[in-house]
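Participant: Structure of the sequence below:
(2 chains)
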Number of protein chains: 2
Amino acid sequence: MNTTSEMPSGPAVAPTSVRVDGARLWRSLMDLAQLGATPRGGVRRLALTDIDRQARDLVVGWLRETDAEIEVDAAGNIFATRHGRSDAAAVVLTGSHIDTQPSGGKFDGNYGVLAGLEVLRTLKDADIVTENPVGVAIWTNEEGSRFVPVMGGSGAFAGVFTLEHLLQQRDGDGITFGEALERIGYAGTAPVGKRRLDAYFEAHIEQGPVLEREDKVIGVVTGALGLRWYDCIWSGQDAHAGPTPMEARRDALRGASRMVEAVHALAVRHAPDGRGTVGFMHVGPNSRNVIPGLVKMTVDLRHPDDEDLATMDRELRDAAAVVAHDLRLECALQQVDHFAASRFDPRCVDAVRAAVRALGYPHREMVSGAGHDAIYVARVAPTAMIFVPCKDGLSHNETEDARPEHLEAGANVLLLAVLARAGGRSRK
Amino acid sequence: MNTTSEMPSGPAVAPTSVRVDGARLWRSLMDLAQLGATPRGGVRRLALTDIDRQARDLVVGWLRETDAEIEVDAAGNIFATRHGRSDAAAVVLTGSHIDTQPSGGKFDGNYGVLAGLEVLRTLKDADIVTENPVGVAIWTNEEGSRFVPVMGGSGAFAGVFTLEHLLQQRDGDGITFGEALERIGYAGTAPVGKRRLDAYFEAHIEQGPVLEREDKVIGVVTGALGLRWYDCIWSGQDAHAGPTPMEARRDALRGASRMVEAVHALAVRHAPDGRGTVGFMHVGPNSRNVIPGLVKMTVDLRHPDDEDLATMDRELRDAAAVVAHDLRLECALQQVDHFAASRFDPRCVDAVRAAVRALGYPHREMVSGAGHDAIYVARVAPTAMIFVPCKDGLSHNETEDARPEHLEAGANVLLLAVLARAGGRSRK
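Facilitator: Now for the predicted structure:
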């Protein structure tokens, strides 16, 4: 029953003229960045530390000011929920994380949470009542820097692993996730998962250079790259660099070096979305005048299409075999991890697309190359993501930077996408 | 005045029918290898340790039994000298070292010293009086494993650096070379250098695969490769392996990998004696999912001709510039050490060549790729070296191995070369 003239009944049509306050969003980002601030302008805020607790307290306080109700689940995930006309309706959720890398920046994760906060603030200021409740999530331990697995809170939420598994993880000092969570007072009582979500939207800095290079303001994220991780060991023969003629060598580093180029070449063949990276290499015995007999390296292959990724896997194995044969080396290549490619929900992506068009921002469609809470949440709820540019594409870095107008634009897209999904009207 | 019928006057002509006792040489090698023996069949006998003292005592005892006089110089170099007809004549010296790598073998260095011992034993058994005195040197700290510089004793002998410099060097525990030398009782009183040498011959395992592959028994060593050592730093940009498209990357490991191939290719262009090795590489940040922004590596170039080596230097610098340009990287390439190529004394080499031919061993001429005491001694005395095969070309390794008949052959070549130089006749 609706008795107030300000809340007429009838179909809810979201207003499209409402906008976030970009300056307020920026101030909140800068205020939050004080907690764990590093001398070089970055942030060090490892999950479930005292700094994380302070940051949680600060953001929860801000969220409460929007009249949102706060719940904390047993994984430490925080849910701030603003009532809708129909609280029985599924929540339209947004959010991200506020833990950082050891040498992290101000925007990775933090932006998604505070863009959500800014949406709630804007809804309150505009006195908008949505049909569905609108919520902001702060997921625990996304970075995985203190505790593995990465994306721990959202992974438990999505049932990728159990709560018990998560709580038993230990940091480098032997402290469990569960102990750390208790200690900072964020071991909540709400069950993990089991929330009815109408949709999940996550705004994030791109963490890559594409938007900046193409002078786009918004990335409409349609999915995430599939990923295969490999360990690779090249075995040859240690030998003295002086007396050993070139043709007599079995130089494991030559095998590894050719593999670096092969990985690059095969990723380029799967352009524009293929990725191939050798990030780790250890040379043995690693002495100036000894031909290396052993090299360990990793390979990271990514592609938004699982079939293409399977082709890349075959090409990698073929390349390794050819190089090993040509250089008379042994190559042990083993896949050690695998994430399937994910495609976000078409209707959620449409909501983002429509919002961007309504706002007139230069944009492009893209896939996420990195892991995000959204990729796990997508397993249990219709999901999409919104990317904004970051300076030089840098993230996981103290110099991570983003422009206020881009952050504002992304928050406006988030606002309109949320409203399109949640419905609502102004009481003003 | 010569009054004995056994020692007629007149020109001394060395006998060519005398031969070493290969079984005795082998027994001495095996006996010496007990001192510092490792479970895997190698030897760990670092310079100026108690084990080194025991080994010196053992070999000095054997040398005394040949009636040689023992002197020790202030660098701990030991000289065992067997009288000749003319003790005023310059000494024909042979020798090597008995310190080993931390995981060294039974033959590196030890063979040259014990082949010299076997020459003295043979001369005594055959009752041969040489014209010139014949000596065996045991040079201190050739390996450089405990104290830098490598070839410390022979380097001080040749005036490459001063005795004071050598004595001040500290091991990893802060103990000086001088203190360690005093402690084991081998800080001698003889001046370092200033010995009149007629010639210096050093027998050694090849430490490379050439003789074995070509089924040769003796390497007539005509000189040593010149050497240039470089440090090389590739700088690009750390970036996330997922979101960063291939064409946007500045991957320092790709630069380093191309350099590995370029180093190999330029050495092959300077076949058969050119050498090029990347033995050391450190990747930063060395994380599986981060494109490396920084790679440090070394380059080791060698060639027996200094002009060719200078050409290789230019080719290396050109290759670095091309790779840096093509991959949009910075490359800092710095030469950090340099040994000129050395050519051994033609008459000493001739003496070795003539001995090999007289003995009929399959042989080839070659240059030494590794450093040896002979290379420093060559700066102050006519010098040549004799190589014998080692199994699989392996050295600086506990599995280092050599065949008794090859070691015997090398000692026979040494004997005849020494006799050719020193003159002499049998009293029998």
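
Participant: what residue ranges in the stretch 1-150 of chain A are flagged as low confidence?
Facilitator: Scanning the stretch 1-150 of chain A for pLDDT under 70 picks out the ranges A:1-14.

Participant: got a list of what the nearest residue to residue A:83 once chain neighbours are set aside touches?
Facilitator: Counting by C-beta to C-beta, 6 or more residues apart in numbering or on different chains, residue A:133 is the residue found nearest to residue A:83 once chain neighbours are left out, at 5.9 Å. Bear in mind the C-beta positions are built from the backbone N, C-alpha and C, glycine included. Under the criterion of C-beta atoms under 8 Å, 6 or more residues apart in numbering or on different chains, the neighbours of residue A:133 are A:81-84, A:87, A:89, A:91-92, A:422.

Participant: the helices in chain A, which residues?
Facilitator: A:22-33, A:50-64, A:110-125, A:152-157, A:163-168, A:177-183, A:210-213, A:252-269, A:306-327, A:346-359, A:373-377, A:404-422 (DSSP state H).

Participant: between those, which one is nearest to chain B?
Facilitator: Across the helices of chain A, chain B has its closest neighbour in helix A:252-269 (3.7 Å, C-beta to the nearest C-beta).

Participant: Report the distance from the closest one to the chain centre.
Facilitator: 28 Å (C-alpha atoms, centre = their mean, to the nearest Å).

Participant: Just the C-alphas of it, formatted as PDB.
Facilitator: Extracted in PDB, the C-alpha atoms of helix A:252-269 (Å, rounded to 0.1, in the frame of the first residue of the first chain):
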ATOM      1  CA  ALA A 252      68.900 -24.300 -21.700                       C
ATOM      2  CA  LEU A 253      68.700 -20.500 -21.800                       C
ATOM      3  CA  ARG A 254      68.600 -20.500 -25.600                       C
ATOM      4  CA  GLY A 255      65.500 -22.800 -25.400                       C
ATOM      5  CA  ALA A 256      63.800 -20.500 -22.900                       C
ATOM      6  CA  SER A 257      64.700 -17.500 -25.000                       C
ATOM      7  CA  ARG A 258      63.200 -19.000 -28.100                       C
ATOM      8  CA  MET A 259      60.100 -19.900 -26.000                       C
ATOM      9  CA  VAL A 260      59.700 -16.200 -25.000                       C
ATOM     10  CA  GLU A 261      59.600 -15.200 -28.600                       C
ATOM     11  CA  ALA A 262      57.300 -18.100 -29.500                       C
ATOM     12  CA  VAL A 263      54.900 -17.100 -26.800                       C
ATOM     13  CA  HIS A 264      54.800 -13.600 -28.000                       C
ATOM     14  CA  ALA A 265      54.300 -14.700 -31.600                       C
ATOM     15  CA  LEU A 266      51.500 -17.100 -30.900                       C
ATOM     16  CA  ALA A 267      49.600 -14.400 -28.900                       C
ATOM     17  CA  VAL A 268      50.100 -12.000 -31.800                       C
ATOM     18  CA  ARG A 269      48.600 -14.600 -34.100                       C
END
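
Participant: Now it: buried residues?
Facilitator: For helix A:252-269, the neighbour count (16 or more other C-beta atoms under 10 Å in any protein chain shown) marks A:252-264, A:266-267 as buried.

Participant: Check stretch A:123-141 too.
Facilitator: A:123, A:126, A:128-141.

Participant: from those residues, which is closest to chain B?
Facilitator: residue A:141 (17.1 Å).

Participant: wait, the closest one sits on residue A:48?
Facilitator: Yes - the criterion here is C-beta atoms under 8 Å, and residue A:141 meets it with residue A:48 at 6.8 Å.

Participant: what sits in contact with each of the two?
Facilitator: A:76, A:99, A:147, A:177.

Participant: Dig out what residue A:367 forms beta bridges with.
Facilitator: residue A:223 (DSSP bridges).

Participant: Next: residue A:290.
Facilitator: Under the criterion used (DSSP bridges), residue A:290 bridges to residue A:240.

Participant: rewinding a little: would you point out the most distant pair within the shared contacts of residue A:141 and residue A:48?
Facilitator: A:99 and A:177 (12.0 Å; C-beta to C-beta).

Participant: These two: which has the busier surroundings?
Facilitator: residue A:99 (31 against 28; other C-beta atoms under 10 Å in any protein chain shown).

Participant: Let me see the contact set for the more buried one.
Facilitator: Taking C-beta under 8 Å, 6+ apart, one finds A:45-48, A:52, A:109, A:140-143, A:145-146 in contact with residue A:99.

Participant: Which residue, other than its chain neighbours, is closest to residue A:313?
Facilitator: Using C-beta to C-beta, 6+ apart, the closest residue to residue A:313 is residue A:228 (5.9 Å).

Participant: What is the neighbour count of the one you found?
Facilitator: What residue A:228 shows, counting by other C-beta under 10 Å, is a neighbour count of 21.

Participant: My read is that it contacts residue A:314, right?
Facilitator: No - between residue A:228 and residue A:314 there is no contact under C-beta under 8 Å: 11.2 Å.

Participant: Contact residues of the stretch 101-250 of chain A facing chain B?
Facilitator: Contacts of the stretch 101-250 of chain A with chain B, taken as C-beta under 8 Å from any C-beta of the partner chain, map to A:206-210, A:213, A:225, A:227, A:229, A:237-248.

Participant: hang on, isn't residue A:251 packed against residue A:290?
Facilitator: No - counting by C-beta under 8 Å, residue A:251 does not reach residue A:290; the two are 10.3 Å apart.

Participant: residue farthest from the centroid of chain A?
Facilitator: residue A:243 (51.6 Å; C-alpha atoms, centre = their mean).

Participant: so it touches residue B:370, yeah?
Facilitator: Yes - at 5.3 Å, residue A:243 counts as touching residue B:370 under the criterion of C-beta under 8 Å.

Participant: list residues touching both of the two?
Facilitator: B:207-208, B:395.

Participant: and chain A, which of the residues you listed reach it?
Facilitator: B:207-208, B:395.

Participant: Pick the one among those closest to chain A.
Facilitator: residue B:208 (2.7 Å).

Participant: Okay, domains of chain A per the record?
Facilitator: A:22-224+A:341-426, A:226-339 (automatic domain parsing).

Participant: In TSV, list these along with distance to residue B:153.
Facilitator: Shown next, in TSV, are the domains of chain A (distance: least, C-beta to C-beta, whole Å):
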stretch	distance to residue B:153
domain A:22-224+A:341-426	47
domain A:226-339	20
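
Participant: Residue B:303 is nearest to which of the ones you listed?
Facilitator: Of these, nearest to residue B:303 by C-beta to C-beta is domain A:226-339, at 10.8 Å.

Participant: From one end of the closest one to the other, what's the distance?
Facilitator: 5 Å (C-alpha to C-alpha, to the nearest Å).

Participant: Pretty sure residue A:425 sits against residue A:18.
Facilitator: No - the pair residue A:425 and residue A:18 does not pass the contact test of C-beta under 8 Å, sitting 10.6 Å apart.

Participant: overlap in contacts of those two?
Facilitator: residue A:128.

Participant: Tell me who's in contact with the spatially most central residue of chain A.
Facilitator: In chain A, the residue lying closest to the centroid (C-alpha atoms, centre = their mean) is residue A:372, at 2.3 Å. By C-beta under 8 Å, 6+ apart, the residues touching residue A:372 are A:96, A:142, A:151, A:202, A:204, A:224, A:385.
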